[in-house]
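S.K.: here are the coordinates; sequence isn't available:
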């Protein structure tokens, strides 16, 4: 649905300070990009700008011929530090709600629960989850409601070695299906990827 | 449609659990209504005269209680980001959040309002009108209150700021609702005040979401 992601000459200013200037990137279907840079260099802000949550000071973000509003409404997933999960609700409730909100089906939610091994956790409240389990629940959205562009903010950091490699397989499957991934990371991505470094 | 329904269920259950939920709101309401006779004096004639108005003001205060959390939590934990990345316009999302707030706290308060008014000495014949006014007024409180909650997003001590922004917006429904109850108690035509209250609630439902969505977008960017 989104034929490409094109960031051209983007710059973002936060609190009077220019975070980055003149950042350009083109992602075609099947491509991933690892976004690197020191803390505070604007990785999260660039992801949020692509999602339309942060205003660009200059430059543009385009999605090919697709209207940006439409691309952002139905074409991308954003998984960041703030995962939007409510501590008082159960894993089942949160998975079901976010799947429906993102346009996925109940069967897809079940498949996602299996893919991320959430079956035993379904009746637990989100507050009882470990950081890694909680991240798996947040990432399960990606599978529960297929969307072409994934914007991931340090998706692997709380995961253990086994889940990092399984997430690598999930990403590879997404890319081979024509998806795109833009991920802010400190460690290398577990899939072949371009890289874009923000100087900070 | 299925998205909107899922969100309404989520918002209502979250509002139900937020800050103790409707029980705390109703308890606070009962507390304020009990304070009135202690401050004003226990003479039944004097209390009966002010009972509908007192119950109405207490209702407006109780409606403020869990309002500051309406957007704050979703803003802090990132849910508002995800809610805005959807084919559902942010305006509708905001309206559904307020509707959930009204179902979870406005409706229980509307049930408590006639009880409090009668306990203060209002005539039992007032009960249906108090309930109807509280239900309609609660809708106005939720949607006008949502504007204050959205505007104070990201501010320190946002709860206090919400109250300061919202209380002036609560003035018209308090006047219209109180006026209708007073007129009914005095045997005068009350329909005018009630209709104005309904008009204010309708305006709040129609215009509030536009302001809320604008304030949310501003807070997110």
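M.R.: Received, thanks. Keep in mind it's a predicted model, so treat the numbers as computed, not measured.
S.K.: so how far does stretch B:121-128 reach from one end to the other?
M.R.: One end of stretch B:121-128 sits 15 Å from the other (Cα to Cα, to the nearest Å).
S.K.: residues of that stretch that come out buried?
M.R.: B:121-122, B:126 (16 or more other Cβ atoms under 10 Å in any protein chain shown). Yep, even glycine has a C-beta here, placed from its N, CA and C like the rest.
S.K.: likewise for stretch B:163-177?
M.R.: Those would be B:163, B:165-167, B:169-170, B:172-174, B:176-177, for stretch B:163-177 by 16+ other Cβ under 10 Å.
S.K.: show me the shaky parts of the chain.
M.R.: Since you didn't name a chain, this refers to chain A. Along chain A, the model assigns pLDDT under 70 to residues A:200.
S.K.: try chain B instead
M.R.: In chain B, residues with pLDDT under 70: B:1, B:18-20.
S.K.: what parts of it come near chain A?
M.R.: B:2-3, B:6-7, B:9-10, B:13-14, B:17, B:73-74, B:76-87, B:220-221 (Cβ under 8 Å from any Cβ of the partner chain).
S.K.: filter those residues down to just the ones in strands.
M.R.: Among the residues of chain B next to chain A, no member is found in strands (DSSP state E).
S.K.: coming back round to it: got JSON lines for the buried residues of stretch B:163-177, with secondary structure and distance to residue B:23 too?
M.R.: Shown next, in JSON lines, are these (DSSP: H, G, I helix; E, B strand; the rest coil; distance: Cβ to Cβ, whole Å):
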{"residue": "B:163", "secondary structure": "helix", "distance to residue B:23": "21"}
{"residue": "B:165", "secondary structure": "helix", "distance to residue B:23": "26"}
{"residue": "B:166", "secondary structure": "helix", "distance to residue B:23": "22"}
{"residue": "B:167", "secondary structure": "helix", "distance to residue B:23": "24"}
{"residue": "B:169", "secondary structure": "helix", "distance to residue B:23": "26"}
{"residue": "B:170", "secondary structure": "coil", "distance to residue B:23": "22"}
{"residue": "B:172", "secondary structure": "helix", "distance to residue B:23": "29"}
{"residue": "B:173", "secondary structure": "helix", "distance to residue B:23": "24"}
{"residue": "B:174", "secondary structure": "helix", "distance to residue B:23": "24"}
{"residue": "B:176", "secondary structure": "helix", "distance to residue B:23": "28"}
{"residue": "B:177", "secondary structure": "helix", "distance to residue B:23": "24"}
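S.K.: thinking again about what came up before, TSV for the buried residues of stretch B:121-128, including secondary structure?
M.R.: Shown next, in TSV, are the buried residues of stretch B:121-128 (DSSP: H, G, I helix; E, B strand; the rest coil):
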residue	secondary structure
B:121	coil
B:122	coil
B:126	helix
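S.K.: ok, the residues you listed vs residue B:39, which is closest?
M.R.: Taking Cβ to Cβ as the measure, residue B:39 sits nearest to residue B:121 out of the buried residues of stretch B:121-128, at 14.9 Å.
S.K.: pretty sure the closest one sits against residue B:54.
M.R.: No - Residue B:121 is not in contact with residue B:54 according to Cβ atoms under 8 Å; the separation is 9.7 Å.
S.K.: about what we covered before: report the buried members of the residues of chain B next to chain A.
M.R.: The neighbour-count test (16+ other Cβ under 10 Å) marks B:3, B:6-7, B:9-10, B:13-14, B:73-74, B:77-86, B:220 as buried among the residues of chain B next to chain A.
S.K.: and for residue A:165, the neighbour number?
M.R.: Per other Cβ atoms under 10 Å in any protein chain shown, the neighbour tally for residue A:165 reads 12.
S.K.: distance of it relative to residue A:139?
M.R.: Look at residue A:165 and residue A:139: by Cβ to Cβ, to the nearest Å, they are 14 Å apart.
S.K.: residue A:7 is in contact with residue A:61, correct?
M.R.: Yes - Residue A:61 is within contact range of residue A:7, at 5.4 Å (criterion: Cβ under 8 Å).
S.K.: any common contacting residues for those two?
M.R.: residue A:50 (Cβ atoms under 8 Å, 6 or more residues apart in numbering or on different chains).
S.K.: now residue A:129: how far from residue B:112?
M.R.: 37 Å.
S.K.: which one of those two has more residues nearby?
M.R.: Shown here are residue A:129 and residue B:112; by other Cβ under 10 Å, residue B:112 has more neighbours (22 against 18).
S.K.: checking the closest residue to that one other than its chain neighbours next. Helix, strand or coil?
M.R.: In this structure, residue B:112 finds its nearest non-sequential neighbour in residue B:26, 4.8 Å apart by Cβ to Cβ, 6 or more residues apart in numbering or on different chains. Three-state call for residue B:26 (three-state DSSP): helix.
S.K.: for residue B:26, which residues are in contact?
M.R.: B:62, B:108-109, B:112.
S.K.: nearest to residue A:76 among those?
M.R.: Of the contacts of residue B:26, the one sitting nearest to residue A:76 (Cβ to Cβ) turns out to be residue B:108, at 39.2 Å.
S.K.: the closest residue in space to that closest one that isn't next to it in sequence: neighbouring residues, count only.
M.R.: Closest residue to residue B:108 apart from its sequence neighbours, by Cβ to Cβ, 6+ apart: residue B:22 at 3.8 Å. Residue B:22 has 24 neighbouring residues, counting by other Cβ under 10 Å.
S.K.: ditto for residue B:31
M.R.: What residue B:31 shows, counting by other Cβ under 10 Å, is a neighbour count of 12.
S.K.: cool, and residue A:154?
M.R.: 18.
S.K.: can you map out the helices along the chain?
M.R.: I'll assume chain A. A:43-50, A:68-74, A:91-101, A:106-115, A:131-144, A:161-176 (DSSP state H).
S.K.: can you look at chain B instead?
M.R.: B:2-17, B:21-40, B:44-64, B:69-76, B:79-84, B:90-101, B:107-119, B:127-151, B:158-169, B:171-185, B:191-220.
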